[in-house]
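Q: Give the three-dimensional model of this entry:
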Amino acid sequence: MFKNNKGITIVSLVVMIIVILILLAVGLTTGLELLRDTKMKRSITTMLLINSVASGIKESYDFDESNELVGTLVDAGSEDLNISGIVDRTDWYKWGIDELEEYGIRTDMVTLKNEAYFLVKYGVEPDDPYVIDIVYSQGVEEVSGDRIWSLRRMLISQNLE
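A: The predicted structure is shown next:
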């Protein structure tokens, strides 16, 4: 009676929907990981640019102290320093959009919303006064879900240091 039936059975339709849902879940997970990784790499790139500019500023300052270090010196008791990973609360300089734009660092490379800023510490190591430490006030979320604020920790998490 139904020998010439060429339609799709309910079972094959259900199997096909399940396969599509599995592919969608894998694609969505991969996409979210790629977005997090992209944000991390954009933040690292911006922070490396800041590091390069800050090193030049520090060198100029050491050569001629009439030159100034860029940024606003942050008071050791300031809430701006209440960021994970900051132990030594002295000699941090706050860089906002104005400082970034003044030195040609593209602000669209990193999300600077809700008055986000970077903290720059010139001359972190006594043996090498040109080692700069940089912290991003908003941090960046890792694939694991943890937030990272410091350039050094970001480089380590990406196996770049």
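Q: Please make it C-alpha for all contacts and neighbour counts, starting now.
A: Will do.
Q: Now do the SS call for residue 136.
A: Following DSSP: H, G, I helix; E, B strand; the rest coil, residue 136 is assigned to strand.
Q: centroid residue for the protein?
A: Relative to the mean C-alpha position of the chain, the nearest C-alpha, by CA atoms, centre = their mean, is the one of residue 43, at 3.2 Å.
Q: Which stretches in this protein count as strands?
A: Along the chain, the segments classed as strands by DSSP state E run 72-74, 92-95, 118-121, 133-141, 147-150.
Q: now for the last one, which elements pack on it?
A: The reference is to strand 147-150. Counting contacts by 3 or more CA pairs under 8 Å, 6 or more residues apart in numbering; DSSP states H and E, strand 147-150 packs against strand 133-141.
Q: mind running it again at 10 Å?
A: Strand 147-150 sits against helix 10-63, strand 118-121, strand 133-141, helix 151-157, with contacts defined as 3 or more CA pairs under 10 Å, 6 or more residues apart in numbering; DSSP states H and E.
Q: count of neighbours near residue 13?
A: For residue 13, the number of neighbouring residues by other CA atoms under 10 Å comes to 11.
Q: List the contacts of it.
A: Taking CA atoms under 10 Å, 6 or more residues apart in numbering as the contact definition, residue 13 lies against residue 19.
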